[in-house]
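> predicted model follows, preceded by the sequence.
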There are 2 protein chains.
Amino acid sequence: MGEARGRRVLVVGTGLLGASVGLALSGCGNDVQLLDTDLDAVAVAERRGAGRAWDGTPVDLAVLATPPHVVAECLAKLQQTGAADAYTDVASVKQAVLDEAEELGCDLRRFVGGHPMAGGETSGPGAARADLFAGRPWALCPTSEVEDDAMDAVLCAVSATGARPVLCAPAEHDAAVGLVSHAPHMVASALAATLLDAPPLALDLAGRGLADTTRIAAGDVTLWRHIVHRNRAPVADAVRQVADRLTRLADDLRVGDADAVEALLAGGAAGRARLG
Amino acid sequence: MGEARGRRVLVVGTGLLGASVGLALSGCGNDVQLLDTDLDAVAVAERRGAGRAWDGTPVDLAVLATPPHVVAECLAKLQQTGAADAYTDVASVKQAVLDEAEELGCDLRRFVGGHPMAGGETSGPGAARADLFAGRPWALCPTSEVEDDAMDAVLCAVSATGARPVLCAPAEHDAAVGLVSHAPHMVASALAATLLDAPPLALDLAGRGLADTTRIAAGDVTLWRHIVHRNRAPVADAVRQVADRLTRLADDLRVGDADAVEALLAGGAAGRARLG
């Protein structure tokens, strides 16, 4: 694996993830440059020490931290101008991005899809932190076409952020995050939507349990539309599982089957225990 | 409202809630006595300063902090021996407790059902805190039979814990907590149950979002069986709502309807925003 310092890195998209990548890689001696259609976001990221505005010269590695639905288009444009030697992204869907990139004629020998498992409900460069990825898994999904030196450049940058690289196939990644991230987001949204008609007393009696259970439902609606739509088959499977369990439960409650209620509670407690 | 000090209070059930009530009421000058079938729990609560073991003499107020399915039985026994002048409980279902108490011939003129909205995933007297209820809502559900001085004694004790009393009818309470507490618990359980068969990669990529969304599913299975079973009609309604939304979503995902996905996300974000 190459040196984690002295590289020229272009971060495209200076939101929470992009600016945090910039902070982490600047912090260990890389020359980080920043690009975003939102010039204010670049200015905030720059002031926070995430890097400097891109001067247009070619770099070693480009990290595409744009919303998922523009990653492929962005990759195609940058590759057409020879902007970087290797490319990665941070989108939380991997197969759809590859499919879109292939359709646009991108050179997939120089692109390794990535997905840092970090972030949360905050957004924007103002919330960026150099240690956002420290100790967190960062999925990397190289295809068989990827050339070794491109893989090396990406792996090196990811390790430099303090993240723990987790190698997996794109479809395997998408099924996994469909289950542990995208479907839970939709379940939280469906639950939170019941609050739209909740009487004032119910809101007054709501506690931390509900706040935690629905917290992720406060996320960016447009961003999540694109994520979930691009991973719809795995998300549909997981959502259907939860829906079927809850439909059965509602029926069991109607007939007063307390054992069925306990079985679901026990299954939930055992499943939760697997998170450690 | 009477004085919040110098009262003789019997706390029955020295788990997290009971011991915290004991700590709060001892802390403002009341003579708190403790009773539990688990003598170790009484000893722990006593060592932590929640009160002293009950000497068997009559008290002004008994706070029944037992599991919900034994509240009525406990009330009946204590009333038969004239243990206290007034009674309250902390169970998270109110109508079922009243129905059971009536069936057992309890004197409902001296009982005001209560439910502090505090606690969480910890349990036992070791986790008790004098400020557990500070600033939290505490539902009180007096029936029309309740005598003024009994209501006064309960209201006085609740206020002394630092909680904010919220008066409501028992059925109104049950519908509200069905929506904001019991149904969310079952939804978290149904979601967490999908992790039982999750591949190691999925668990490795799981982040804080999933941990928060499923946290309450780690709660006490037997306790929650009794709670949910005793509030099954309101819980079934709310669970059915969530199940129907998720079933429709799974269908929408299958046909690639991104607008429907966005509509659910927007509804969830708007519902979540009502929690403040």
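Yep, that arrived. Numbering: from 1, shown residues only, chains lettered A, B, ... in the order given.
> for A:Tyr87, give the beta-bridge partners.
Judged by DSSP bridges, the bridge partners of A:Tyr87 are A:Ala62, A:Phe111.
> so it makes contact with A:Cys74?
No. Taking contacts as CB atoms under 8 Å, A:Tyr87 lies outside contact range of A:Cys74: 9.3 Å. For every residue, glycine as well, the C-beta is placed using N, CA and C.
> overlap of the contact sets of these two?
A:Leu64 (CB atoms under 8 Å, 6 or more residues apart in numbering or on different chains).
> show me the contacts for the residue in the stretch 1-150 of chain A positioned nearest to chain B.
Nearest to chain B in the stretch 1-150 of chain A, going by CB to the nearest CB, is A:Met117, at a distance of 4.8 Å. Neighbour list for A:Met117: A:136-139, B:205-207 [criterion: CB under 8 Å, 6+ apart].
> which of those has the most neighbours?
A:Ala139 (27 neighbours; other CB atoms under 10 Å in any protein chain shown).
> just give the nearest non-adjacent residue to that one, would you?
A:His115 (4.3 Å; CB to CB, 6 or more residues apart in numbering or on different chains).
> which is the next helix or strand following the host helix or strand of that neighbour?
Element membership for A:His115 (DSSP states H and E) is strand A:111-116. Using DSSP H and E, the next helix or strand after strand A:111-116 towards the C-terminus is strand A:137-141.
> and the helix or strand just after that next one, what does it pack onto?
As assigned by DSSP H and E, the chain's next helix or strand after strand A:137-141 is helix A:148-160. Helix A:148-160 makes packing contacts with helix A:16-27, strand A:59-64, strand A:84-89, strand A:111-116, strand A:137-141, strand A:164-167 when contacts are defined by 3 or more CB pairs under 8 Å, 6 or more residues apart in numbering or on different chains; DSSP states H and E.
> A strand includes A:Gly105, no?
No. With DSSP: H, G, I helix; E, B strand; the rest coil as the criterion, A:Gly105 is assigned coil and is not in a strand.
> helix, strand or coil: sort out the residue lying closest to A:Arg5 once chain neighbours are set aside for me.
Spatial nearest neighbour of A:Arg5, excluding adjacent residues (CB to CB, 6+ apart): A:Gly29 at 3.6 Å. For A:Gly29, the assignment made with three-state DSSP gives coil.
> count of residues packed around A:Gly29?
A:Gly29, neighbours per other CB under 10 Å, totals 12.
> what of the one 5 residues further on?
A:Leu34: 27 surrounding residues under other CB under 10 Å.
> check contacts around it.
Going by CB under 8 Å, 6+ apart, the list of residues near A:Leu34 reads A:10-11, A:14, A:18-19, A:22, A:42, A:45-46, A:50-54.
> assign it to helix, strand or coil.
Under three-state DSSP, A:Leu34 comes out as strand.
> identify the bridge partners of it.
Under the criterion used (DSSP bridges), A:Leu34 bridges to A:Val11, A:Ala53.
> next one, pLDDT for it please.
A:Leu34 carries a pLDDT value of 98.
> quick one: name the residues of the stretch 1-150 of chain A near chain B.
A:117-118, A:120, A:136-137, A:139 (CB under 8 Å from any CB of the partner chain).
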